[in-house]
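Using only what follows, build the 3D model:
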Amino acid sequence: MKSFKLTINEEEIIAASDRIVSVFIGAGNLPQDNYIHIGGMDSDSYNLTWLDRRLEIGDRIKVEVYETNRISSLKERTPSDRNELKVKYYNLKKELEEKGLI
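Reported below is the predicted structural model:
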């Protein structure tokens with residue numbers, strides 16, 4: 001299966017799914033802008049997370065597209081319920097409209 005093999009400093013993570021895996025790397029002027037997130041979604045619509053953390057100056061990151069049947073353990077696997085997301089969206093929209101922000 002196609003995957004990402006990431007080495008962050010000395011730590012190795014192999015991330016793969018039967019649907020999609022993404023790697024997000026951000027760098028900016030504020031501490032919260034410097035981060036890495038390795039996640040995705042599986043065919044059962046679960047959100048997958050292998051890594052979600054801040055980056056420090058000097059961190060070394062290597063990303064490879066990799067073919068393997070072995071993946072690293074997940075940090076988190078949470079359901080993605082479309083109906084629940086719609087309810088949250090409409091509640092937030094109503095709150096923002098009441099405050100005159102949208």
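
Check which helices and strands the longest strand anywhere in the chain sits against.
Across the chain, the longest stretch assigned as strand under DSSP state E is strand 46-54. Here strand 46-54 touches strand 11-15, strand 35-41, strand 76-79, going by 3 or more C-beta pairs under 8 Å, 6 or more residues apart in numbering; DSSP states H and E. For every residue, glycine as well, the C-beta is placed using N, CA and C.

what's around the residue nearest to I71 when sequence neighbours are not counted, how many residues?
Sequence neighbours aside, A16 is the residue nearest to I71 in space, at 4.7 Å (criterion: C-beta to C-beta, 6 or more residues apart in numbering). Counted with other C-beta atoms under 10 Å, the neighbours of A16 add up to 21.

I'd like to know how far A16 sits from G26.
Computed as C-beta to C-beta, to the nearest Å, the A16 to G26 distance reads 22 Å.

Repeat that for K86.
For K86 relative to G26 (C-beta to C-beta), the value is 28 Å.

Can you pull up the most central residue in this structure?
Per C-alpha atoms, centre = their mean, the C-alpha nearest to the average position across the chain is that of G39, at 3.4 Å.
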